[in-house]
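> quick one: sequence plus predicted model below, questions after.
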Amino acid sequence: MATGTAAVSHAEAVMGTVVSITVVPGGPSSQPTGRAIESACAALHRADRIFSTWDPQSPVSRLRRGAATLRDLPAEVAQVLDLCEEARRTSGGWFDPWSLPGGVDPTGLVKGWAVDQALAILRQAGMPAAMVNGGGDIAVFGAPEPGQKWRIGIRHPWRADALAAVVDVTAAIATSGSYERGQHLVSPFTGRPSSQAASATVTGPSLAFADALATALAVGGDAVLAMLAGLDGYDGYLIRPDGSEADTGGIAFG
Amino acid sequence: MKRAPLFVLAGTAAGLAGVLSFHTRPLTSAALASPASPAALSTHGQGSGGQGSGGQRKGPAARKRSAGPASVPTAPAGVRSVVGATEQYGYGQLAVKVSVRGSRITDVTVPVIQVAEQYSQQLAGQAFPVLRSEVLSAQTARINGVSGATYTSEAYAASLQAALDKLHIK
């Protein structure tokens, strides 16, 4: 167990992955830590129920096959699709949940969005600091220890046992890579597999957006990196397939 | 030609799967620098074999594992730890260790992760470019989490559940 911190860790199996929650308890007017974590987990499960593309009865599945319209569905669906549209525009079309056959698939943004929701609950509960890590997509606030920043390693694209970099994170970080088995990054423009990156990392204030933009960066490579350089609040770190690296300058490498 | 039959790593998949040990924990020996170092093999192999159920050992990596008696690290009073079943993930096997105080999880780590021979040979046979940044050891870097795709989640969740079952935690 960690020394020098009373941080509480919790692991929740949800959304097809394991979400870990780390809370630094002890805010002046905070809820009990356990209850706050329960609420955060409830939000994750709710997101899972709404957005599961595996469950044919989930709201998003019904929307995809045309069995329901947005008006029939929980408000979160429209909210997430709005964010998807914004991410599509922001990424110059490199992130496009509408480009694949089979109906709109917001999966590339939903995990980040759900983690954002969970983190917001912990913040509203008065926790002084917390981290929610949704299978490698991470959102944080506060300081893990007094005067410290959350330090996040970026997985090395070719060595599962190593890190390519360490980054100080103040809000959100998402990484997408072609090394992941079973992940097929498809260009929205050609409909064919495309990967201009061995690893694509995006940091910024919203994990929903960082998640979507990391996917865009992985598919679009340098073209998307240039776009990120002009996008307020967001930064990108690209490892190209040849091992060369580039970043937008705003990432705090540790 | 045979080379580096196995990687045996400590704590790495924890980050991949999204749950990280705190850096202040004394980490088990870093097997990073020399993949398949014999010391790392025996240390981690025994630690996991005894603690875990050892069930579901299938695949090429399994034969390297020994089923020795448990070596339980010392833990603060009131904290119970157990290692879940060894599970297959995309490239090998892993086992999750969970620590609880009462019914509350205080820590989750991955003491055992092995990359199957086939995949490690595949890696060894490819001339991957060297990154500008030096490769950092996930074991020794002071980090709170790892960002990157997770391919271990199902195995991770299954092993975690097995560990919780052993601790009689719902």
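Thanks, I have the structure now. As the structure is a prediction and not an experimental result, all values here were calculated from the model.
> now do the SS call for the residue nearest the centre of chain A.
Nearest residue to the geometric centre of chain A (CA atoms, centre = their mean): A:G112, 3.1 Å. Following DSSP: H, G, I helix; E, B strand; the rest coil, A:G112 is assigned to helix.
> contacts only, for it.
By CB atoms under 8 Å, 6 or more residues apart in numbering or on different chains, the contact set of A:G112 is A:134, A:137, A:139, A:172, A:174, A:206-212. Just so you know, the C-beta spots here come from the backbone N, C-alpha and C atoms, and that holds for glycine as well.
> any chance of the residues you listed in TSV, with distance to A:G126 too?
TSV is the format used below for the contacts of A:G112 (distance: CB to CB, whole Å):
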residue	distance to A:G126
A:G134	22
A:D137	24
A:A139	17
A:A172	21
A:A174	26
A:S206	22
A:L207	21
A:A208	23
A:F209	26
A:A210	25
A:D211	26
A:A212	30
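> show me these that map onto helices.
A:207-212 (DSSP state H).
> okay if I get the residues you listed as JSON lines plus pLDDT?
Compiled in JSON lines, the ones in helices among the contacts of A:G112 are given as follows (pLDDT from 0 to 100):
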{"residue": "A:L207", "pLDDT": "98"}
{"residue": "A:A208", "pLDDT": "98"}
{"residue": "A:F209", "pLDDT": "97"}
{"residue": "A:A210", "pLDDT": "98"}
{"residue": "A:D211", "pLDDT": "95"}
{"residue": "A:A212", "pLDDT": "96"}
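> closest one of those to A:G147?
A:L207 (24.1 Å; CB to CB).
> and the helices in chain A?
A:33-51, A:59-64, A:75-90, A:107-124, A:207-220, A:222-229.
> pLDDT (mean, whole number) over the fourth one?
This points to helix A:107-124. Per-region confidence: helix A:107-124 scores 96 on mean pLDDT.
> tell me where the chain is predicted with low confidence.
The chain I'm using is chain A. Counting by pLDDT under 70, chain A contains low-confidence ranges at A:1-6, A:160-161, A:178-184.
> can you look at chain B instead?
Using pLDDT under 70, chain B drops low at B:1-77, B:89-92, B:103-141, B:149-158, B:169-170.
> mind running it again at 80?
Counting by pLDDT under 80, chain B shows low-confidence ranges at B:1-77, B:87-143, B:145, B:149-170.
> ok, now how distant is the nearest residue to A:G108 once chain neighbours are set aside from chain B?
Leaving out its chain neighbours, the residue that sits closest to A:G108 by CB to CB, 6 or more residues apart in numbering or on different chains is A:T215, at 4.7 Å. According to CB to the nearest CB, to the nearest Å, A:T215 and chain B sit 11 Å apart.
> so A:T215 sits against A:G177, correct?
No. Look at A:T215 against A:G177 with CB atoms under 8 Å: they stay out of range, at 10.4 Å.
> of the two, who's got more company?
A direct count of neighbours by other CB atoms under 10 Å in any protein chain shown for A:T215 and A:G177 places A:T215 higher, at 28 against 25.
> how about that one, what does it touch?
Applying CB under 8 Å, 6+ apart, we find A:T215 in contact with A:94-95, A:108, A:176, A:185, A:200.
> how about A:M15?
A:44, A:47-48, A:52, A:110-111, A:114, A:134-135.
> any chance of those residues in TSV, with neighbour count and distance to chain B too?
Listed next are the contacts of A:M15 as TSV, based on neighbours: other CB atoms under 10 Å in any protein chain shown; distance: CB to the nearest CB, whole Å:
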residue	neighbour count	distance to chain B
A:L44	23	12
A:A47	23	16
A:D48	19	13
A:S52	18	15
A:V110	27	15
A:K111	27	10
A:A114	29	13
A:G134	32	6
A:G135	26	4
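> nearest to A:H156 among the residues you listed?
Of the contacts of A:M15, the one sitting nearest to A:H156 (CB to CB) turns out to be A:G135, at 17.0 Å.
> tell me, how many residues neighbour A:R65?
Counted with other CB under 10 Å, A:R65 comes out at 10.
> so how far is A:D72 from the closest residue to it other than its chain neighbours?
Spatially, and ignoring its direct neighbours in sequence, A:R65 is nearest to A:G103 (6.5 Å; CB to CB, 6+ apart). Distance from A:G103 to A:D72, counting by CB to CB, to the nearest Å: 15 Å.
> which one of those two has more residues nearby?
A:G103 (14 against 11).
> tell me which residues touch the more buried one, please.
A:63-66.
> and those, which is closest to chain B?
Within these, distances to chain B taken as CB to the nearest CB reach their minimum at A:R64, with 23.1 Å.
> just to check, the closest one is in contact with A:F51?
No. Assessed by CB under 8 Å, A:R64 is found out of contact with A:F51, at 10.6 Å.
> these two: who's more crowded?
A:F51 (26 against 17).
> gap between that one and A:S58?
In terms of CB to CB, A:F51 sits 7 Å off from A:S58.
> now do A:Y234
Taking CB to CB, one finds A:Y234 at 30 Å from A:S58.
> and these two? which has more neighbours close in?
Shown here are A:Y234 and A:S58; by other CB under 10 Å, A:Y234 has more neighbours (21 against 18).
> thought that one was touching A:L207?
No. If you go by CB under 8 Å, A:Y234 and A:L207 don't touch, sitting 11.3 Å apart.
> mind listing what A:S29 touches?
Here A:S29 is in contact with A:G126 (CB under 8 Å, 6+ apart).
> likewise for A:D105?
A:D105 makes contact with A:53, A:64, A:97 under the criterion CB under 8 Å, 6+ apart.
> would TSV of these with distance to A:G249 be doable?
Shown next, in TSV, are the contacts of A:D105 (distance: CB to CB, whole Å):
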residue	distance to A:G249
A:T53	36
A:R64	39
A:P97	29
